[in-house]
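# Build me a structure from this.
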Amino acid sequence: MDLDDYDFALRSEQIAQEPPAERDGARLLRLSRGGGARSHHAILDLPALLAPGDLLVVNTTRVLPARLRGHRTTGGAADALVLGPGSAPNRFRALVRTRGRQRAGMKFRFAGNGAALDAELVSLAEDGEVELAFAEGASPYAIGEMPLPPYIRRSEPRAQDALRYQTVFARDPGSVAAPTAGLHLSEALLAALAARGIERAEVVLHVGRGTFAPLSDSALRARRLHAERFALPDATARAIRAARERGSRVVAVGTTTARVLESCVEERVTNFHLPRSSLLLLVAAFAGRKAVLAAYAEAIQRGYRFYSYGDAMLIL
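Presented below is the predicted three-dimensional model:
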């Protein structure tokens, strides 16, 4: 396996910088796993493309306001992405971006939402992850903003992103990136799916740094990716078993849900992913590399919007 086999060229104007005007306003490319046939739809056509009795499984993780903006106390800008709790109640794992070499003892001031917090870098791992110590009882999430991926350009945070970079069913805090296929599902679309007789179940997978970290050739050769935390409720396991027993399909909304359910998935809704990424490899493993790349080529030719705020695929 070679990462070059999962590469493609994309015009910058097709990288969606804004969500569609309406949450359920995206386009949908339907791809058949059996032969690679393709057709073009809107995400609002999803109820008609599924059958009564099918089971739609969504990820209810909630994106944390994990991006911090600030500066070193000695001068110079600094940004941080808070990854989660650290080794003590006042410590948090993070990725820090600032000029110069990072070292223990560096001090920062981060500000947002009309407040500021001081932090000290107390440890640095080989993979670049650091541990930041804040004042006792202080939460970096109180001053943070939504951690949009770097290909979405924002000089300043926007209130719209706090709403639109979150699914309508987000409930369980813990992610540093959104399960983006779920962003398309509005309350109205969920109601239309239910009216069609399509059932819904839930899992939780907290999206970590590995989702957006570059995939290296060494990691690919070692067949080793990042660890993730997830939960599969008993009620969801029962719903999947019942769907399969009655001959209905299990439809995963997004690669995060698919990573929980693995071989239980017959269909999936997914966004268009970055070249040479683990997410593209996952989709290709499900539907076939040549079929997926052909679908991507057609989507590019037809002007589909790509990545987190972009359009979607239905693979069945």
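# what number of residues lie near residue 152?
Residues near residue 152, counting by other CB atoms under 10 Å, number 17. All C-beta spots, glycine's among them, are computed from the backbone N, C-alpha and C.
# ok, and the closest non-adjacent residue to it?
Spatial nearest neighbour of residue 152, chain neighbours left out: residue 17 (5.8 Å); criterion: CB to CB, 6 or more residues apart in numbering.
# quick one: secondary structure of that neighbour?
In three-state terms, and counting by DSSP: H, G, I helix; E, B strand; the rest coil, residue 17 is coil.
# In the chain, mark out all the helices, start to finish.
46-49, 159-164, 187-195, 217-222, 234-245, 255-261, 278-287, 289-301 (DSSP state H).
# And the second one, what's buried?
It stands for helix 159-164. 161, 164 (16 or more other CB atoms under 10 Å).
# And for the longest one?
Burial within helix 289-301, assessed by neighbour count using 16+ other CB under 10 Å, is assigned to 291, 292, 293, 295, 296, 299, 300.
# which residues touch that helix?
5-6, 8-11, 14, 29, 31, 33, 36, 38, 272, 280, 283-284, 306, 311, 313 (CB atoms under 8 Å, 6 or more residues apart in numbering).
# How far off centre is that helix?
Its chain's C-alpha centre and that of helix 289-301 lie 21 Å apart, by CA atoms, centre = their mean, to the nearest Å.
# Equivalent analysis for the first one, please.
Distance, stretch centre to chain centre, for helix 46-49: 23 Å (CA atoms, centre = their mean).
# any idea of the mean pLDDT for it?
Mean per-residue pLDDT for helix 46-49: 98.
# Extract the CA atoms of it and return them as CSV.
Extracted in CSV, the C-alpha atoms of helix 46-49 (Å, rounded to 0.1, in the frame of the first residue of the first chain):
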residue,chain,number,x,y,z
LEU,A,46,-31.7,10.9,2.0
PRO,A,47,-35.1,9.6,3.3
ALA,A,48,-36.0,8.6,-0.3
LEU,A,49,-32.7,6.9,-0.8
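# returning to that earlier point: columns distance to residue 137 on top of the helices of the chain, output as TSV?
Below are those laid out as TSV (distance: least, CB to CB, whole Å):
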stretch	distance to residue 137
helix 46-49	45
helix 159-164	24
helix 187-195	36
helix 217-222	38
helix 234-245	36
helix 255-261	32
helix 278-287	37
helix 289-301	48
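# Tell me which of those helices sits most buried.
The highest mean neighbour count among the helices of the chain, using mean count of other CB atoms under 10 Å, belongs to helix 255-261: a mean of 25.
# what's in contact with it?
With CB under 8 Å, 6+ apart as the criterion, helix 255-261 contacts 57-59, 61, 179, 181, 203, 205, 207, 211, 228, 230, 232, 240, 250, 252, 265, 268, 270, 273, 279, 282-283, 286.
# coming back round to it: pick out the most distant pair among the buried residues of helix 289-301.
Using CB to CB, the two most remote members of the buried residues of helix 289-301 are 291 and 300, lying 15.2 Å apart.
# Could you list the low-pLDDT ranges of the chain?
212, 218-223 (pLDDT under 70).
# if we go to 90?
For the chain, applying pLDDT under 90 flags the ranges 1-2, 34-35, 126-128, 154-159, 209-227.
# can you list the domains in it?
3-63+161-315, 67-142 (automatic domain parsing).
# I'd like to know how many residues surround the residue nearest to residue 152.
That count, for residue 17 with other CB under 10 Å as the rule, works out to 16.
# For it, give me its contacts.
Here residue 17 is in contact with 152, 153, 309 (CB under 8 Å, 6+ apart).
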